[in-house]
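Peer 1: Build me a model from this:
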Amino acid sequence: GKDLEEGFYKKNHLITVGIRMLIASLILGAITGGLFYFMFNDLDETFGFICFFGTFISGVLLLISLIYIIMGAVGRASVVNFVNKAGEEKFMQHLADETLYIYAEKNRPVTIVTTKFIIEVDRGVYRAAGIDYCYGYSYRGNTSIKAYDLNNRCTTFASGIMLRSNDATGLYQALAKVNPDLLIGYNSNNAKEHKRRVKARKA
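Peer 2: Numbering: from 1, shown residues only. This is a model prediction of the structure:
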């Protein structure tokens, strides 16, 4: 229900989350490090375990935060480069005229499907017309939509989407408008048909 603001693609959620996790890891590391330093001589088993566990969690958070920041930086660079090549005015006009569906979280655009492209705001831009087969995917609670083209290359988008929701349905319908022969849903018939199409394309 809102217009897309110019420059929206420069705001990267992965970088934001990564920075927050980085700050949390540094704070936790400082607390556990301080406890260890000031209580070194009187460190009993309980405080020793707390220091060890806190340091371990801090290290894990630090590693994950760096992964998020790097992924976000690469994704943002990919989208920004695409927009710069197309021209921002032309890009925004394309969105205004050709957008079929927008999946958003808390008014933050995540995935935009147009007649030509899938714009995954945090990760990159993909051609929509080449998608032949797609389905909802969940791994350890992380949901997304997986899509395959006729070269069997996989694209993942709409991270965090509820798989049985109006948003998922809207994305599938938008992709089906781009390719009326799109195979939707993970099942043996669709998998076999997709393999047949890939072989036919290669032939």
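Peer 1: ranges for the helices of this structure?
Peer 2: For the chain, the helices defined by DSSP state H occupy 13-38, 45-86, 88-98, 166-178, 188-202.
Peer 1: export these to a markdown table and tack on mean pLDDT, mean neighbour count and distance to A128?
Peer 2: Every residue, glycine included, has its C-beta placed from N, CA and C. Output for those, formatted as a markdown table (pLDDT from 0 to 100; neighbours: other Cβ atoms under 10 Å; distance: least, Cβ to Cβ, whole Å):
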| stretch | mean pLDDT | mean neighbour count | distance to A128 |
| --- | --- | --- | --- |
| helix 13-38 | 85 | 16 | 22 |
| helix 45-86 | 86 | 15 | 14 |
| helix 88-98 | 92 | 14 | 10 |
| helix 166-178 | 93 | 17 | 5 |
| helix 188-202 | 93 | 13 | 17 |
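Peer 1: closest one to V121 among the ones you listed?
Peer 2: Smallest distance to V121 across those (Cβ to Cβ): 6.7 Å, for helix 45-86.
Peer 1: Check which helices and strands that closest one is in contact with.
Peer 2: If you count contacts as 3 or more Cβ pairs under 8 Å, 6 or more residues apart in numbering; DSSP states H and E, helix 45-86 packs onto helix 13-38, helix 88-98, strand 124-127.
Peer 1: I'd like the helices of the chain as TSV, with distance to T114 appended.
Peer 2: Shown next, in TSV, are these (distance: least, Cβ to Cβ, whole Å):
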stretch	distance to T114
helix 13-38	20
helix 45-86	12
helix 88-98	4
helix 166-178	8
helix 188-202	23
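Peer 1: Could you say which one of these comes nearest to Y133?
Peer 2: Nearest to Y133, of all the helices of the chain, is helix 188-202, at 4.0 Å by Cβ to Cβ.
Peer 1: What lies in contact with that closest one?
Peer 2: 132-133, 135, 148, 150-152, 183-184 (Cβ atoms under 8 Å, 6 or more residues apart in numbering).
Peer 1: Go ahead and flag the most central residue of this structure.
Peer 2: For the chain, the residue sitting closest to the mean C-alpha position, by Cα atoms, centre = their mean, is S159 at 4.4 Å.
Peer 1: That one: what's it in contact with?
Peer 2: Shown in contact with S159 (Cβ under 8 Å, 6+ apart): 110, 120, 122-123, 142-144.
Peer 1: try 7 Å this time
Peer 2: Contact analysis of S159 by Cβ atoms under 7 Å, 6 or more residues apart in numbering lists 110, 144.
Peer 1: likewise D122?
Peer 2: Counting by Cβ under 7 Å, 6+ apart, D122 has contacts 12-14, 72, 75.
Peer 1: How about F36?
Peer 2: Counting by Cβ under 7 Å, 6+ apart, F36 makes contact with C51.
Peer 1: All good on my end, thank you.
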